[in-house]
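In: got a structure for you, letters missing:
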Ligand SMILES: Cc1cc2nc3c(=O)[nH]c(=O)nc-3n(C[C@H](O)[C@H](O)[C@H](O)COP(=O)(O)OP(=O)(O)OC[C@H]3O[C@@H](n4cnc5c(N)ncnc54)[C@H](O)[C@@H]3O)c2cc1C
């Protein structure tokens with residue numbers, strides 16, 4: 001049976017986030033975007049509203065909701081501003097869900113309640129100055145020394161780098177494999193700022209996500225207890241890819257919200273702006289832009305919803321999540337460019353939000369795996385070059401999230 005309806009809980013979750021953003025995000029967003037200012041109070045407010053615990057079981061303080069709820073939160077967050085959705089992609093998608101899936105009981109007990117309450121804010125360190133898509137090109141190392149691993153290296157383009165206090169880091173534990181570019185030499189760790197040796201800074205002059213925090217992290221002899229290894233030594237690549245899969249899902253849902261924001265702004269403007277004695281929405285070429293945005297929204301939404309259903313039911317979803325991310329982000333870029341066009345010269349200024357949508361839309365085709373990386377993955381699945389292998393871990397199903 002195919003059921004396209006949302007539950008009351010889904011609708012209430014989306015409404016809650018819409019109302020939250022109307023009160024806490026939208027009023028100051030133009031100014032913060034202009035001044036490249038991250039609102040640090042936003043994290044506490046999101047935590048207090050219970051949003052961070054959306055897909056966390058009750059035993060860790062969460063609401064035990066499903067992945068459709070998480071997607072709807074991301075849609076609504078990015079409808080207001082991309083920087084708010086990025087918080088979910090990182091804190092929930094790239095950090096909390098991986099700890100929930102890959103962490104030992106001890107790691108889950110120590111970190112998940114604090115990440116849920118906002119006492120700890122997570123960031124994800126994969127990218128380095130000289131290695132983004134080419135993950136095995138990274139240079140960060142983690143050397144075993146008694147009860148600890150000693151981490152050294154530089155991470156770049158890290159969302160929330162300068163505001164987070166807990167970092168999911170990937171580094172080489174096997175230097176021979178590092179030389180051989182064999183990804184089974186990578187491991188993943190939970191690193192706290194308080195462990196010492198962690199320095200961070202913010203990146204200035206960004207094209208978009210200006211109200212968000214993006215930065216760099218430097219690790220100098222950071223002594224990380226061995227209990228803070230996630231999974232086993234050598235699982236770092238698998239865990240990194242798992243993190244990206246959850247992050248991509250949130251980006252797909254968020255980009256869908258951005259398409260909707262472009263559509264709504266364009267509809268509103270085309271009904272009020274007149275040329276040649278008619279609202280511009282009466283001109284066929286403007287209608288064409290609106291029609292396409294409308295179709296792009298529906299298509300993007302169906303793709304992330306399908307990925308959510310696969311996650312809810314414990315099925316493999318790498319291919320579907322990647323496709324949802326690729327298509328939603330491409331649609332968001334196109335819709336934002338068209339929304340500027342619909343607004344004419346006014347779309348060229350920050351008097352209207354579509355200028356910000358246009359700049360923000362570009363990032364999602366770069367982070368969490370570029371558009372090209374998603375295309376390669378899709379082609380490899382279609383050509384039979386890539387097939388899903390049996391996984392050692394999978395996300396908890398919706399039923400499992402709700403059960404405890
Ligand atoms: C706003 C923002 C936030 C980010 N947040 C995080 C974060 O929180 N954590 C984190 O770890 N990283 C983060 N990143 C980094 C992001 O994931 C990387 O930028 C991304 O993976 C691409 O890597 P790169 O920039 O090094 O580009 P490169 O890998 O150098 O790629 C450059 C170009 O070459 C193309 N290319 C590369 N390889 C191939 C290939 N094999 N075939 C075809 N084309 C190819 C790419 O698609 C791209 O167009 C963030 C980036 C941005 C912009």
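Out: Sure thing, it's come through. Here the structure is a predicted model, which is why all the values come from computation and not from measurement.
In: Every contact and neighbour count from this point should use C-alpha atoms.
Out: Fine.
In: Let me see the ranges of the strands in this protein.
Out: Ranges of strands in the chain, per DSSP state E, are 122-125, 141-145, 148-159, 166-172, 186-192, 198-202, 214-225, 229-230, 274-275, 278-279.
In: The fourth one packs against which elements?
Out: Just to be clear, that refers to strand 166-172. Counting contacts by 3 or more C-alpha pairs under 8 Å, 6 or more residues apart in numbering; DSSP states H and E, strand 166-172 is packed against strand 122-125, strand 141-145, strand 186-192, helix 236-272.
In: Quick check: neighbours of the first one in the sheet, parallel or antiparallel?
Out: If I follow you right, that is strand 122-125. Applying DSSP bridges, strand 122-125 is found paired with strand 166-172 (parallel).
In: where's the spatially most central residue of the chain relative to residue 52, distance?
Out: Taking C-alpha atoms, centre = their mean, the centroid of the chain lies closest to residue 89, which sits 2.5 Å from it. Separation of residue 89 from residue 52 (C-alpha to C-alpha, to the nearest Å): 11 Å.
In: can you tell me which residues contact the closest residue to residue 189 other than its chain neighbours?
Out: Excluding its sequence neighbours, the residue lying closest to residue 189 (C-alpha to C-alpha, 6 or more residues apart in numbering) is residue 229, at 4.5 Å. With contact taken as C-alpha atoms under 8 Å, 6 or more residues apart in numbering, residue 229 is in contact with 187, 188, 189, 190.
In: and which of those is nearest to residue 127?
Out: Residue 127 lies nearest to residue 188 out of the contacts of residue 229, by C-alpha to C-alpha, at 13.3 Å.
In: Now do the same contact list for the closest one.
Out: By C-alpha under 8 Å, 6+ apart, the residues touching residue 188 are 168-171, 229-231, 233, 235-237, 239-240.
In: Residues in a beta bridge with it, which ones?
Out: For residue 188, the beta-bridge partners are residue 170, residue 230 (DSSP bridges).
In: Same check on the one 10 residues further on?
Out: For residue 198, the residues forming beta bridges with it (DSSP bridges) are residue 219.
In: now the one 4 residues further on
Out: Here residue 202 shows beta-bridge partners residue 215, assigned using DSSP bridges.
In: Surely it is in contact with residue 164?
Out: No: Residue 202 sits out of contact with residue 164 when judged by C-alpha atoms under 8 Å, with a separation of 11.7 Å.
In: Now pLDDT and distance to the ligand too, for the contacts of residue 229, in a markdown table please.
Out: Below are those laid out as a markdown table (pLDDT from 0 to 100; distance: C-alpha to the nearest ligand atom, whole Å):
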| residue | pLDDT | distance to the ligand |
| --- | --- | --- |
| 187 | 98 | 14 |
| 188 | 98 | 12 |
| 189 | 98 | 13 |
| 190 | 98 | 14 |
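In: what's the farthest-apart pair in those residues?
Out: Within the contacts of residue 229, 187 and 190 form the most distant pair, 10.5 Å apart (C-alpha to C-alpha).
In: on that earlier part again, by neighbours, which of the contacts of residue 188 wins?
Out: Counting neighbours by other C-alpha atoms under 10 Å, the top entry in the contacts of residue 188 is residue 170, with 29 neighbours.
In: Buried residues in stretch 177-191, which are they?
Out: By neighbour count on 16 or more other C-alpha atoms under 10 Å, the buried set for stretch 177-191 is 177, 178, 182, 183, 184, 185, 186, 187, 188, 189, 190, 191.
In: now swap in stretch 300-316 and tell me
Out: Under the neighbour-count criterion of 16+ other C-alpha under 10 Å, stretch 300-316 has 300-314, 316 buried.
In: okay, now the residue in the stretch 301-404 of the chain that the ligand sits nearest to: neighbour count?
Out: Going by C-alpha to the nearest ligand atom, the ligand is nearest to residue 367 of the stretch 301-404 of the chain, at 3.8 Å. By other C-alpha under 10 Å, the residues close to residue 367 number 19.
In: how close does it sit to residue 62?
Out: Taking C-alpha to C-alpha, one finds residue 367 at 27 Å from residue 62.
In: who in the stretch 101-250 of the chain is up against the ligand?
Out: Residues of the stretch 101-250 of the chain lying close to the ligand (C-alpha under 6 Å from any ligand atom) are 124, 125, 126, 127, 131, 132, 133, 134, 157, 158, 159.
In: Return the entry from the residues you listed with the maximum number of neighbours.
Out: residue 126 (29 neighbours).
In: Next, find the distance separating residue 121 from the ligand.
Out: To the ligand, residue 121 is 12 Å away according to C-alpha to the nearest ligand atom, to the nearest Å.
In: For the nearest residue to that residue once chain neighbours are set aside, the count of nearby residues, please.
Out: Spatially, and ignoring its direct neighbours in sequence, residue 121 is nearest to residue 164 (4.6 Å; C-alpha to C-alpha, 6+ apart). For residue 164, the neighbour count with other C-alpha under 10 Å is 18.
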